[in-house]
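Undergrad: Below: sequence and its predicted model.
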Amino acid sequence: MQVLAVGFTAASIAGTFGLTVPQALQTGTLFFLGMLIGAVGFGRLADRIGRRRVLIVTVACDAVFGLLSIFAPNFGILLLLRFLTGAAVGGTLPVDYAMMSEFLPARSRGRWLVMLEGFWAVGTLIVALAAWLVALAELADGWRYIFAVTAVPAAFGVWLRFLVPESPLYLLRSGKAVEAKAIIDQMLTANGRPVLETAVSIAQPASSPSAGIFSTGLRRRSLLILAVWFLVSVSYYGVFTWMPPRLAGEGFGFVRGYGFLVLIALAQIPGYALAAYGVEAWGRRPTLVGFCLLSAFSCLLFVVAHDA
């Protein structure tokens with residue numbers, strides 16, 4: 001919701017501070033820059049001080065800076081607050097996925113990670129509906145109301161994060177085998193399995209432990225995945241930041257444009273459900289290739305369409 005608020009608030013921000021829509025979209029530029037820095041910085045920090053600790057801090061910062069954005073007195077302060085919010089969101093995302101992966105068995109990991117990602121569609125729908133209602137009500141400074149809606153989940157998330165246990169892998173690497181075993185035993189008990197009778201340790205990998213994602217055996221795959229993710233992000237965020245001004249410029253108005261984006265957000269929900277099924281029924285690679293081709297074809301239709 002914080003990420004996609006960029007496209008839904010630009011027109012209102014422009015009206016409040018006397019800017020053009022492209023100038024108002026600088027809030028998105030600073031937000032994404034913050035995400036980049038936050039993902040790199042907090043990701044490394046999580047390996048040093050613990051994933052759970054970083055998760056709580058980043059979600060708390062998301063809530064604090066997101067709420068402060070509502071009261072920004074000028075555009076400069078708003079840019080700073082959106083940058084800090086972006087850094088918090090960027091720090092949350094990689095830790096969320098890493099921790100959830102760690103607590104899932106390999107046989108069902110793909111399905112549940114897609115389900116986790118599916119909540120992105122729920123957030124998209126909520127922020128689209130909020131923007132639509134604000135536009136229908138013709139509220140002054142509508143962006144403040146939208147930012148308020150996007151900050152609420154993070155405020156609840158701060159409390160929920162205290163229920164998440166620390167990463168057993170991090171604890172083992174930090175020499176805290178007893179604490180790691182306690183968490184693993186808790187997982188086993190919750191799933192109706194007997195607790196461990198021996199201490200836990202880290203299994204040594206068959207390959208060199210220093211091998212990274214750009215090592216000889218992984219370089220080609222890593223570069224391809226990075227390229228796919230980069231291009232998917234460009235197209236996805238491009239649609240949600242470009243579509244409202246485009247529809248308004250063609251005479252459909254922001255209200256109708258937001259209504260159209262609500263339909264796009266709704267369409268994501270069955271898409272995520274199908275992807276969750278596909279990663280296990282068809283395999284990860286065929287599902288990824290199929291959805292990328294379908295997305296590319298759908299985006300092409302926007303280019304050649306003459307009537308919205």
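TA: Nice, thanks for sending it over.
Undergrad: All the helices of the protein, in order from the start?
TA: Remark: helices assigned in the chain by DSSP state H are 5-17, 21-24, 26-49, 51-69, 75-102, 106-137, 142-161, 168-173, 177-190, 219-249, 253-281, 284-304.
Undergrad: Give me the buried positions along the shortest one.
TA: Looking back up the chat, that one is helix 21-24. 21, 24 (16 or more other C-beta atoms under 10 Å). Backbone N, C-alpha and C define where each C-beta goes, glycine included.
Undergrad: tell me the average confidence for it?
TA: Across helix 21-24, the average pLDDT comes to 88.
Undergrad: now Leu45: how far from Gly91?
TA: Here Leu45 is placed at a distance of 8 Å from Gly91 (C-beta to C-beta, to the nearest Å).
Undergrad: actually Gly217, not the one I wrote
TA: Distance from Gly217 to Gly91, counting by C-beta to C-beta: 29 Å.
Undergrad: next one: Ala14
TA: Taking C-beta to C-beta as the criterion, Ala14 is separated from Gly91 by 29 Å.
Undergrad: Looking at the two, which is more packed in?
TA: Neighbours were tallied for Ala14 and for Gly91 using other C-beta atoms under 10 Å; the higher tally belongs to Gly91 (28 against 19).
Undergrad: I'd say that one and Gly41 touch.
TA: Yes. Counting by C-beta atoms under 8 Å, Gly91 sits close enough to Gly41 to count as a contact (6.9 Å).
Undergrad: Output the below-cut-off pLDDT ranges for this protein.
TA: With pLDDT under 70 as the threshold, the chain has low-confidence stretches at 204-211, 244-258, 306-308.
Undergrad: residues in contact with the spatially most central residue of it?
TA: Residue closest to the average C-alpha location in the chain (C-alpha atoms, centre = their mean): Leu93, at 5.6 Å. By C-beta atoms under 8 Å, 6 or more residues apart in numbering, the residues touching Leu93 are 35, 39.
Undergrad: And Leu55, by the same measure?
TA: By C-beta under 8 Å, 6+ apart, the residues touching Leu55 are 46, 92, 95-96, 99, 161, 164.
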